[in-house]
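**Q** Give me a model of this one.
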Amino acid sequence: MGNIGREEISGTHDDAIPQKFLDLMGSGWREEDVDLTPVPQVKQLARRRALLSAAFPGDTLVIPTGNIHSRTFGAPHEFRGGSDFIWLTGDQDPDSVLVLHPSGDGHDAVLYAQPRSDASSGAQYLDRIHGEVWHGRCYSPGEKAVRLEIETRPLTELPKALAPVASSPRLRVLRGYDRGIDGWMESGWLPVTPENRERDALLASVLSELRLVKDEWEIAQLQDAVDATVRGFEDVARRLRPDALTPERYIEGVFSWRARVEGNGPGYSSIAAGGPRSTILHWSRNDAVVEPGQILLMDMGVENVHCYTADVTRVLPVSGTFSPAQRAVYDIVHASRTAGYEAMAPGVAFADIQAVCSRVLAEGLHGLGLLKGSVDEALDPSTMEYRRWSLHGFGHMLGLDIHDCGHSRPEYYGGGVLRENHVLTMEPGLYLQPHDELVPEELRGIGVRIEDDVQITATGAKLLTRALPTESHEVEAWLAAQREAGPREPGADDV
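**A** Numbering: from 1, shown residues only. Sure, this is the predicted structure:
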């Protein structure tokens, strides 16, 4: 069981290892001390597990975090754990599995984790996936039990622990994360049948739905990620030349430096789209240059050290001021964003927010002369003419994932209503493609998306991204102020 999901990355080109060298590698190591202070969210983790336990009384629940994958032969991707697992345990190491075992009126939560590599056997050198001379000091199961305040056992004990419920209709598994767990279950423990698939899908949905409402600690983490993202946008603005070419990769790199210094790194592939590439929703090649006179659309976010991610988009006029055509499109999107934000409150339907944003966009498109008929005709669900230039919805949930809680059932998400302490994006956009002959020539190649991160409060909504201005004239003033301040040099406060 210890190798479940393991992806080998050594090969036949490796030198043969003599026994004398293994003996040498297995001795003479001093034990290192580690900080066993409990993680800051430890009380919230216990409360979340209790919520999941209450949702499935009597069922055995298996929630893996996932495995390391290789980018190329011998080069693993940096591991990022499954969000549901992180939400329940706070553990960010690969291959671990959380099991909620039925017990009395509830469940006993047990984390099954990789043991530390055995130094005396030479495993810390031989095991390139988990060996500590390759990847650094790891926490043992006993140490994790202290840090996470959850019973933790070696991963090798998992088969025996689950044996009593093998093939049981009371066993639910979060599938699609751990190759070994999925294969192990499907080989006979819990075959994929329509019934089992439906049962497991409900576990995934309920986990997403439990994560929809953020607790106080989570909201603080999201604000932390947003604040770091704001500083990343400032870093870019201070280096964006008004009178010379700026490579998009340079912009991406400047932001990535901030994301890595203040968090785990970018929470998703950064978009640094100059000029006509601003109309490409998921432009992330970032292999062109931004020119004076163009706009720069930046969609970027920092994932903080606890894996919560900001998701922010701003559009800057590279030369310092928007052209009349750029401003006309920008102001329509800003009006849509403002109308949608002002409509946000507990109990308001997602569909109603979408309708508010869409009408403002359609009215703006009508004013630009792009619609063939009336605004109402463009909004008619049978035609959706306005969507040719807006393409996507008003926003999405935000948290441990940039598109958070995606397994939620429709009645809890897009078909439902906003609730207090939902956190989501507000991001209307217009994308007038450079090759779209239905668009007046002077407007082609202009793409605008304004994306804010929003917390639903008891009485309305709160902008987590309020530090970054959105009105066109405010954006111009902010950009000028950043340029005047000049680039920040790395210092002690940045590490």
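
**Q** Give me the neighbour count for the nearest residue to residue 442 once chain neighbours are set aside.
**A** Distances taken as C-beta to C-beta, 6 or more residues apart in numbering place residue 325 nearest to residue 442, at 5.0 Å, with adjacent residues excluded. For every residue, glycine as well, the C-beta is placed using N, CA and C. The tally of other residues near residue 325 (other C-beta atoms under 10 Å) stands at 17.

**Q** which of the residues in the longest helix along the chain are buried?
**A** In terms of residue count, the longest helix belonging to the chain (DSSP state H) is helix 216-239. Residues of helix 216-239 classed as buried under the neighbour-count rule (16 or more other C-beta atoms under 10 Å) are 218-239.

**Q** Setting the sequence-adjacent residues aside, check what's closest to residue 303.
**A** The nearest residue in space to residue 303 (C-beta to C-beta, 6+ apart) is residue 267, at 3.7 Å.

**Q** Let me know whether the one you found touches residue 299 as I believe.
**A** No: assessed by C-beta atoms under 8 Å, residue 267 is found out of contact with residue 299, at 10.9 Å.

**Q** overlap in contacts of the two?
**A** residue 311 (C-beta atoms under 8 Å, 6 or more residues apart in numbering).

**Q** any idea which helix or strand carries the residue nearest to residue 442?
**A** Taking DSSP states H and E as the criterion, residue 325 maps to helix 324-343.

**Q** List the contacts of that helix.
**A** Contacts for helix 324-343 (C-beta under 8 Å, 6+ apart): 295, 315, 317, 322, 352-353, 356-358, 360-361, 364-365, 367-368, 394-395, 426-430, 432, 442-443, 446, 448-450, 452, 454, 461, 463, 470-472.

**Q** Tell me the helix or strand right after that helix.
**A** Once the chain leaves helix 324-343, the next helix or strand it forms, by DSSP H and E, is helix 350-367.

**Q** Give the buried residues for that next one.
**A** Counting neighbours by 16+ other C-beta under 10 Å, one finds that the buried residues in helix 350-367 are 350, 353-354, 356-366.

**Q** same thing with stretch 269-283?
**A** Within stretch 269-283, the residues scored as buried using 16+ other C-beta under 10 Å are 270-280, 283.

**Q** Repeat that for stretch 423-441.
**A** When neighbours are counted by 16+ other C-beta under 10 Å, the buried residues of stretch 423-441 are found to be 423-434, 436, 439.

**Q** Using CSV, please lay out those together with distance to residue 187 and secondary structure.
**A** Formatted as CSV, these follow (distance: C-beta to C-beta, whole Å; DSSP: H, G, I helix; E, B strand; the rest coil):
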residue, distance to residue 187, secondary structure
423, 40, strand
424, 40, strand
425, 41, strand
426, 46, strand
427, 43, coil
428, 48, coil
429, 46, strand
430, 51, strand
431, 47, strand
432, 53, strand
433, 49, coil
434, 52, coil
436, 52, coil
439, 55, coil
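
**Q** Out of the residues you listed, which is nearest to residue 248?
**A** For the buried residues of stretch 423-441, the residue nearest residue 248 by C-beta to C-beta is residue 434; the value is 16.4 Å.

**Q** who's in contact with residue 111?
**A** When contacts are counted by C-beta under 8 Å, 6+ apart, residue 111 touches 89, 91, 96-98, 141, 144-145, 148, 150-153.

**Q** In strands, which of the residues you listed fall?
**A** 97-98, 151-153 (DSSP state E).

**Q** Between which two of those residues is the distance greatest?
**A** Greatest spatial distance in the ones in strands among the contacts of residue 111: 97 and 151, 13.0 Å, computed using C-beta to C-beta.

**Q** Show me which of these two is the more surrounded one.
**A** Neighbours were tallied for residue 97 and for residue 151 using other C-beta under 10 Å; the higher tally belongs to residue 97 (28 against 14).

**Q** picking that back up, roughly how far out does the following helix or strand past the longest helix of the chain sit from the chain middle?
**A** Per DSSP H and E, helix 216-239 leads on to strand 246-247 as the next helix or strand towards the C-terminus. Relative to the chain's own centre, strand 246-247 is displaced by 27 Å; criterion: C-alpha atoms, centre = their mean, to the nearest Å.

**Q** Which neighbouring elements make contact with strand 246-247?
**A** Strand 246-247 sits against strand 289-290, with contacts defined as 3 or more C-beta pairs under 8 Å, 6 or more residues apart in numbering; DSSP states H and E.

**Q** Give me the distance from the strand it packs on to the chain's centre.
**A** 27 Å.

**Q** and that strand, what does it pack onto?
**A** If contacts are counted by 3+ C-beta pairs under 8 Å, 6+ apart, strand 289-290 sits against strand 246-247, helix 248-262, strand 271-274.

**Q** Give the buried residues for the second one.
**A** Taking 16+ other C-beta under 10 Å as the neighbour-count basis, helix 248-262 is seen to contain the buried residues 248-252, 254-256, 258-259, 261-262.

**Q** Closest one to residue 413 out of the residues you listed, please.
**A** Distances from residue 413 to these, taken by C-beta to C-beta, are shortest for residue 259, at 27.6 Å.

**Q** quick check: mean pLDDT across stretch 206-217?
**A** On average, the pLDDT along stretch 206-217 is 98.

**Q** Check stretch 337-354 too.
**A** For stretch 337-354, the mean per-residue pLDDT is 98.

**Q** Check the offset of it from the chain's centre.
**A** Centroid separation for stretch 337-354 versus its chain: 23 Å, with C-alpha atoms, centre = their mean.

**Q** Quick check: end-to-end length of that stretch?
**A** Stretch 337-354 has its terminal residues 10 Å apart, counting by C-alpha to C-alpha, to the nearest Å.

**Q** for it, which positions count as buried?
**A** Within stretch 337-354, the residues that count as buried by 16+ other C-beta under 10 Å are 337-341, 343-346, 348, 350, 353-354.

**Q** Tell me the one of the buried residues of stretch 423-441 nearest residue 54?
**A** Nearest to residue 54 among the buried residues of stretch 423-441, with distances taken as C-beta to C-beta, is residue 423, at 23.2 Å.

**Q** Good, we can wrap up now.
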